Structures are given as C-alpha cells and as structure tokens.
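Student: Task: produce atomic coordinates for the following.
(chains A, B, C, D, E and F)
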There are 4 protein chains.
Amino acid sequence: MATTRVDEAADEAPVSRVQRKRDRRIQEILTTAAELFGERGYDAVSLEDVAERLDVTKGSLYYYFPSKDQLGISAVETLGNRWTARLEELLAGLDGPVHDRLRGLIGEHISIAVRDYPAGLRMFLVPQDWPEQQRAVIKELRQRHDRLFRELIDEGVAAGDFTVTGVDAALRCMHASMSQSAVWFAGLEGQRLERAIAELTDTLMMLVGVMPGAGTAPDQA
Amino acid sequence: MATTRVDEAADEAPVSRVQRKRDRRIQEILTTAAELFGERGYDAVSLEDVAERLDVTKGSLYYYFPSKDQLGISAVETLGNRWTARLEELLAGLDGPVHDRLRGLIGEHISIAVRDYPAGLRMFLVPQDWPEQQRAVIKELRQRHDRLFRELIDEGVAAGDFTVTGVDAALRCMHASMSQSAVWFAGLEGQRLERAIAELTDTLMMLVGVMPGAGTAPDQA
Amino acid sequence: MATTRVDEAADEAPVSRVQRKRDRRIQEILTTAAELFGERGYDAVSLEDVAERLDVTKGSLYYYFPSKDQLGISAVETLGNRWTARLEELLAGLDGPVHDRLRGLIGEHISIAVRDYPAGLRMFLVPQDWPEQQRAVIKELRQRHDRLFRELIDEGVAAGDFTVTGVDAALRCMHASMSQSAVWFAGLEGQRLERAIAELTDTLMMLVGVMPGAGTAPDQA
Amino acid sequence: MATTRVDEAADEAPVSRVQRKRDRRIQEILTTAAELFGERGYDAVSLEDVAERLDVTKGSLYYYFPSKDQLGISAVETLGNRWTARLEELLAGLDGPVHDRLRGLIGEHISIAVRDYPAGLRMFLVPQDWPEQQRAVIKELRQRHDRLFRELIDEGVAAGDFTVTGVDAALRCMHASMSQSAVWFAGLEGQRLERAIAELTDTLMMLVGVMPGAGTAPDQA
DNA sequence: TATGAATGAGCGTTCATTCAT
DNA sequence: TATGAATGAACGCTCATTCAT
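Tutor: As a prediction, this is how the structure comes out:
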C-alpha cells in the first residue's frame, strides 16, 4: 500500500486530489447511468431514476453533465471503451489456431455480456432508442468492437479455415446473437451457464463454416 | 329494417349491426396503431399521433380502448397475427426439400421485417420496452412464430439434412439476426435489397449446417 | 337580442359555435397574459401565473398555444392591434387644426395607457425583456402606432405649424414619455388625472415647438 | 507589524488590514455585478455569471453578500453613485448660461447611458423588475439624480430663460427619453452617435422652451 | 359516439442557496 | 476565506387520462 502511495506521488500527473475525486464521482454516475440505460433504454430512463439510484437529487447530475444527452453519450463511451479494452486484452494474450482464438473471443464477449453488463448491449442492439448524436458514438464503438472480430474472420478465411457467405453478414449475425445472449441466459449460473455459453459459441462458429464436433481443425478429412 | 334483421340472424354470430361497425372501427384503429408502433416503437408514439392518423380526436380512442397499454397489447396482437399468418400461408404453399422451405421462410420473414414493419420486430426483440402485461402476449406470439421455424428445423435434422449444435441455440441466433435485419437493410432498395436478403439468408442457413453453394446437402461429398 | 341572434344566423361566416367559443377563450387568455406581461415583464411571468389568474392549470394553456413564446407574440399582437385601432378610430373622427388633432391623439393615447392598459406599454418600452422573435412583432406594431403620430407631425411641419429638431427624435421622446405615463399617473383619478394628462400633453406639444398657453395657433405674433 | 499597527491607528477608521482587504474585495464584486446588471438586467444575470467574471466560485459570493437581492441592492447603489458622481463632477466644472449647462448635463447623461451602462437605466425606468427592498434604494438614487436636473431647470425658469408647462412634467419626459436612449442608439458609433446624441439633446431642450437653433434665448427675437 | 377541453403527473433544465471541508 | 458539491423549488413543456356535452 505504501508502495502504491509512493507510486501515486511519483506519478506527477497534474490531477489534484480534488480532480481525482471528481473523476471518481463522474465514473460512478456513468456506471450507474450505463446500467440503467442498458436496462430500460434511453428514453425510459429519467434523470430522476439515475439520481435516485445514486442517492442524490436530479439537479446534482447537472453539476457533472450539462444535459441528459451528454450523460448518455459519455455513458455509452465508457461502457464501450471498457468492453473493447477487455476483449483487446484477451486477444493480446491468445495464440494458437484462428478458430480457437475466435472461439475464445466469442466466449469472452458473451461472458462479459451475461456477467458484467447484463443489459449493456441493448445500446448496440437498438440504437434507434438513442438521439441522433449518441448514435454516432454508438456506431463508432461498434466498429472498433467489430474490427476485433472481423480481423480474426478475415484471417481465418484467408487461411482457408473459415467459409463464409459474406464476412459482413456473418459478423452481423454473430453480433446480433451475442447481443441477445444476456437476455437468453439471464438467470443461469455456474455449470449451466458455462454449458449454455459453450453451445452458443459452437453455434456461432458455424457462421464461419466451423461445424460442431469438428474438433479443432475444420479440415481434418 | 326487417331485412336487415334477417341478415343479421343469418349471420351466425349474434352481433348487431352496431357491434359490427364497432368491430370494424376497432380494426381500423388497431391497424393504424400497429403501423405506427411498428414504425417508431411504442414509447415514441403518442395517442395524439394515432388519433391524428385516424383523423379522430384523442378522446375517441378511449371509447374503444381503456388505455394506451391496452391499445398497445391489441396492436401487437394484430401485427403479430398478420405476420404469422403470412408466414403460415407461405409455408402452406411450399413443398420441396426442407432446406428450400426453410430458406423460403427466412427470406419471407426478412422481407416482411424490412419492407412492412421496419420497427415492428423491436417488440419481439426488446420486450422490456413494454409494460408487464403486454409481454405475455408478445411471448405467446413469439412462440407461435417460433414454432414455424422449429418444425422445419426439427424435420431437417431428423432427415439428416441439417446439423445443429442445438435446435434452441440455432433458432435463437436465427431470430436475433432476422430481427436486426430491418436495421441493417434500412435504406436499401430493389436489387441491392434482394441481394442483401439473399446473402443473409444463406448465412443463416449455415446455422443449421447448410453450407453456401452446397446445393442441397451440407457435406455429402 | 333576438335581432342579434338573427344577425348571427344571417352572418354566414364559417365559424361554428364551437369555434366561436374557442376564439372567446383564446381572447380571455390573451387578455390575461397581456395584462401580466405588461405588469411584470415577459421573463417574470410564468405560465403558472397566467394559468392561475385564469383559474386553469398550466397544461391547459398548451391546448391553445404551442409555447410560451407564441402566447407572448399573440398577446402583444392583440394588445397592439386593439390599441392602434382605437387611435385610428379617434383620428378618423377628428378634424380642425393639426395641433389640435395631435393634442387629441396624445391625450387619447395617454388615456388608454393609464385607464385601460396600465402596464401594457412596458412591452414597447422595454422590448429587451422579450425573446428575439417577439421583438419583431413588437417593432412592427410600434411602427404602425408610430405612423399615426408621424403623419400628423409631418403635416404640421409642412404647414409650418410645428418646429422640430428632427421628427424621429421628437417622436421617440413623445413615445418614451407617454409610455411612462401609466407609471406616473398610477393612483390618480377623476379631475386630478384629467389635469395631469392635460399638463403632460401640453409638455409634449412643446416637442414640436408648440408653446404652452400659445392658445390655438403657435404663430399668432 | 508594529508599523502596520501604527499605520492603522493613524488611519482614522478602526479598520484592520483584514477589513480593508474585505472592503476592497466587496468593491470588486460590486463593480463587476453592476457592470453585468447594467449590461443585461437583473433577472438575466445569474450569480454564476458574476462569479465567473470575477474568477471565483458562486459560493464565495455568499461570504460577502447574503443573497442575490442584497448584491443587487448594493450594485445598484454603486452604479447609481458612480453615475451621479460623474454628473455632479461635470456640473461643478461648468459655468456659462443655464441652457448651456443643461445641455451639457443632458448630453453627458446620454453618453453614460449609451456608452457605459447600456442596460443600466432600465433599473430606474422599470423598478418593478426589482424586489421590493431594492426599489427604495433605487428611488432615492433617482431623486439625487433628479435634483441635478431640477435645480438647473428651476434656475432657468427663474431667470426667464426656460418656459415650462410644469417642472415635474418636463423633468419626467426628459428622463423617460434619456432612459430610452441606450436602446435607441444601440449599435451607433463615432460620428453617427455624436450626431444622434446632439439631436436628442436639442429635442429635449425644447421641453424647457429652448427652440432649436435659437442660440441662447428661446424667443427673444 | 365523438368531441373539445381540462387535468395532473412527470420530464429535462436552471439557479439561488447551503454546507462540509 | 474560498471551494466543490449538493439541494430543492421552480420553470417550460408533454402526454395519458378524464369528462361534460
């Protein structure tokens, strides 16, 4: 702990204690807001709702965000960034055949969706719920997100490991399905959840032509 | 008048002319409401909007429906029934190999989604948008809907034409993807739309193990 | 009364009874709003205030006006039109030397200001209180209003009856002063009020070079 | 320290250094607030605005003033005192015929209004904008202000240089017009502004019977 | 049956004010 | 002294709902 303190002291970042505290508060708000928006959709969440869950008054939110829209944008950004970061991290630590890596990525994505942001994916799923401006942000995040999957699929196709009708179509179906997983698996836990995730993952692998039970390599015949 | 009465008596239902007129009016309202909800989603449609498109006043709607929620329920039923009926009809007119029939069903479903009810599928996709009560109705419709696909897949699996990791998983992914199609293909028209639908259909067939361009059997070579 | 009814029936204006009632209600609201805006200024009057004085709820106002701004615009227009109409009417009935007519016009203007719209002139006086859009309306009304005075002054100057440094400057000072008269004479009544108005009128006539006690003609020397 | 104490003792007021600092701060705040109120009017200025221009936080203002209203009162006093002081100063430096002095006074008043406190005069013009308490302060300032003009006019009338219907009426019209000058001349600059002020001044002189271009005496020819 | 009118709860937003630090 | 944070009342506005006619 002392070490940590020293580290912080050593870090000459120009953020004051006050600023850090403010940042922390902002993160709290953002997390709570993202939760709620994810659960009910943008329109259905009032600032009163957000404030109540944070145990402050509506007006206080305006100390940190100039409007509901801005809060929405920031919440989406925060959620999306965290998510993507986790996937990027995972991917960085993986090697082996491309279909194993894709399988890993899909599994992790579903895991996050189900375990950490049970409703967070709604945003990506139904961007129509959001005001024009936020949609741009959502779209951008989605693309960053998409790229991780797309690169793997491209690689697999190039290597002849994957077969697709179209990369876009496959990707879209994959995301649509993963985005729904939190709804489907809500309530499942432990072994049951594991198995459900595994089955879904296998099913989604079929979208790139990897048949179930085909073991590791699709082209072993 | 006597004549009218006779006519009514001949009619097997004991509905008066008045009642029939009322029913007709209700259907008009339902159709219009379903249209609007389909276009913009439940929350984004006000009773004023519905009334205006019907060229009546807001208050009049309350003569037929006790609340917006009830109107919503009924409208969803209308929409869902119509949708399912179209699919059932199509299916009744199809024969040939099971994968061709499934392909036809998927294609038609996407067609309806994209062309007729751009936002209609959101109801099935994100039932959280709807008040508790409606969700039951939605769920039931969904099941009827689902059954059409499930029976075909079961048949294909039994015949050895389809390979799946799990029927449920495959179905879910199929529906999740079809439900998004309206969003993905919004703006597309004519040839471009046809091709997009075809590609999506082919991709979804892979979920039951039918490879693209594999003709009839998935992997008989 | 019967006659009146007949007249109304004879009048084939396409306004239904319902429409007339609505119009009457709108006039009530407009009058009340104009009163309040005049008393306290645009910003200081809330829709709640207007509603309360009308003994309805805030929301009801929106049945008649789409926004506070629109209510403001309409209120200004109503007030201004009525005012101008009265002055035009008066002027139509006047003849005689130009300074007598100007004197009459000024007197009537002050009379209306003090007796009928004690605070209504604030709008013309402090248009900064109003949103951009309303100012345009106010400005236009002011000009119509202004024209009545300007024409008389021009005529007097042309006839050599009036002497001015500049017509604009004289007009402006005249209006600024008349606009304040309601504040100055608030509380005065009967003879006292008459005398106050007369004195102010005489003073204002000096702005066009008509000396007090100069009798009827300014150039009798 | 001792020195300091001696200095303070020498100073006739028993104000500590701390107190002087506080006073200075208060003056800063008052000046800034008066500026802002003068520019935009009382209602349109928020404490946030005042704080921002002072580069402090909103909360800090409450260390010096118990409420916005109190700040308003004091700011008006500051503004009014400064204004009156400038006029008194000018007057002290003037001699010559009374109409020249009046002309000078009017010109300076308009100059201040247009150039320094564009919205400042609204306070005097429309005291309804202000909370009850401030009105007393405003009224008093107004009287001090008024006296400067009244004394000159009285002198001129006594000397036979001025002719008025009534001193009060003339004064009122004069002030009403001068108060509007900021509105009328907003946007004018340089030569154009000079000329406008000159013309308005000449016009106002007519209120005391001084004809334009009549040189020194009104109608001695 | 259908309408025009009204209601009232709720929304996003602003801002004077308070207060622990 | 001064700050950052929070509060709560008020605002303009929307809309599902009610009701006399």
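Student: Tally up the residues packed near the residue in chain A that DNA strand F sits nearest to, please.
Tutor: Nearest residue of chain A to DNA strand F, counting by C-beta to the nearest atom of the strand: residue A:59, 2.3 Å away. C-betas here are computed from N, CA, C, even on glycine. Around residue A:59 there are 9 other residues, counting by other C-beta atoms under 10 Å in any protein chain shown.
Student: Also the one 4 residues further on?
Tutor: Neighbourhood size, residue A:63 [other C-beta under 10 Å]: 11.
Student: element containing it, please.
Tutor: Using DSSP states H and E, residue A:63 falls within helix A:58-64.
Student: Alpha carbons of that helix, as PDB, please.
Tutor: Taking Å, rounded to 0.1, in the frame of the first residue of the first chain, the C-alpha atoms of helix A:58-64 are listed here in PDB:
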ATOM      1  CA  LYS A  58     -31.700  15.300 -10.100                       C
ATOM      2  CA  GLY A  59     -30.100  18.700 -10.000                       C
ATOM      3  CA  SER A  60     -26.800  17.300  -8.800                       C
ATOM      4  CA  LEU A  61     -26.200  15.500 -12.000                       C
ATOM      5  CA  TYR A  62     -26.100  18.800 -13.800                       C
ATOM      6  CA  TYR A  63     -23.000  19.600 -11.800                       C
ATOM      7  CA  TYR A  64     -21.200  17.000 -13.700                       C
END
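Student: Buried residues of it, list them for me.
Tutor: residue A:61 (16 or more other C-beta atoms under 10 Å in any protein chain shown).
Student: what's in contact with it?
Tutor: Helix A:58-64 is contacted by residues A:22, A:25-26, A:29, A:47-48, A:50-51, A:54, A:71 when judged by C-beta atoms under 8 Å, 6 or more residues apart in numbering or on different chains.
Student: Please state the offset of that helix from the chain centre?
Tutor: Relative to its parent chain, helix A:58-64 has a centroid offset of 27 Å by C-alpha atoms, centre = their mean, to the nearest Å.
Student: which bits of chain A sit near chain B?
Tutor: A:39-41, A:43-44, A:122, A:125-129, A:163-166, A:169-170, A:172-173, A:176-177, A:179-180, A:184, A:199-200, A:202-204, A:206-207, A:209, A:211-212 (C-beta under 8 Å from any C-beta of the partner chain).
Student: just the buried members of those?
Tutor: Here, 16+ other C-beta under 10 Å leaves A:40-41, A:122, A:125-129, A:163-165, A:169-170, A:172-173, A:176-177, A:179-180, A:184, A:199-200, A:202-204, A:206-207, A:209, A:211-212 buried among those.
Student: These in strands, which ones?
Tutor: Among these, no member falls in strands (criterion: DSSP state E).
Student: Helices of chain A, residue ranges please.
Tutor: Secondary structure of chain A (DSSP state H): helices located at A:2-10, A:17-40, A:47-54, A:58-64, A:68-92, A:98-111, A:122-125, A:132-158, A:167-185, A:190-205.
Student: Show the contacting residues for the nearest residue to residue A:36 once chain neighbours are set aside.
Tutor: Among residues not flanking residue A:36 along the chain, residue A:45 sits closest, at 4.6 Å (C-beta to C-beta, 6 or more residues apart in numbering or on different chains). When contacts are counted by C-beta under 8 Å, 6+ apart, residue A:45 touches A:33, A:36-37, A:39.
Student: returning to that earlier point: also within reach of DNA strand E: list those from the contacts of helix A:58-64.
Tutor: A:47-48 (C-beta under 7 Å from any atom of the strand).
Student: okay if I get the contacts of helix A:58-64 as a markdown table plus pLDDT, neighbour count and distance to residue D:94?
Tutor: Listed next are the contacts of helix A:58-64 as a markdown table, based on pLDDT from 0 to 100; neighbours: other C-beta atoms under 10 Å in any protein chain shown; distance: C-beta to C-beta, whole Å:
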| residue | pLDDT | neighbour count | distance to residue D:94 |
| --- | --- | --- | --- |
| A:22 | 94 | 14 | 58 |
| A:25 | 96 | 15 | 62 |
| A:26 | 96 | 15 | 62 |
| A:29 | 96 | 24 | 64 |
| A:47 | 97 | 18 | 61 |
| A:48 | 96 | 11 | 64 |
| A:50 | 97 | 24 | 65 |
| A:51 | 97 | 18 | 63 |
| A:54 | 96 | 17 | 66 |
| A:71 | 96 | 23 | 62 |
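Student: Between which two of the contacts of helix A:58-64 is the distance greatest?
Tutor: A:22 and A:48 (22.6 Å; C-beta to C-beta).
Student: Need the per-residue pLDDT for the closest residue to residue A:44 other than its chain neighbours.
Tutor: Nearest residue to residue A:44, sequence neighbours excluded (C-beta to C-beta, 6+ apart): residue B:43, at 6.6 Å. Listed pLDDT for residue B:43 reads 86.
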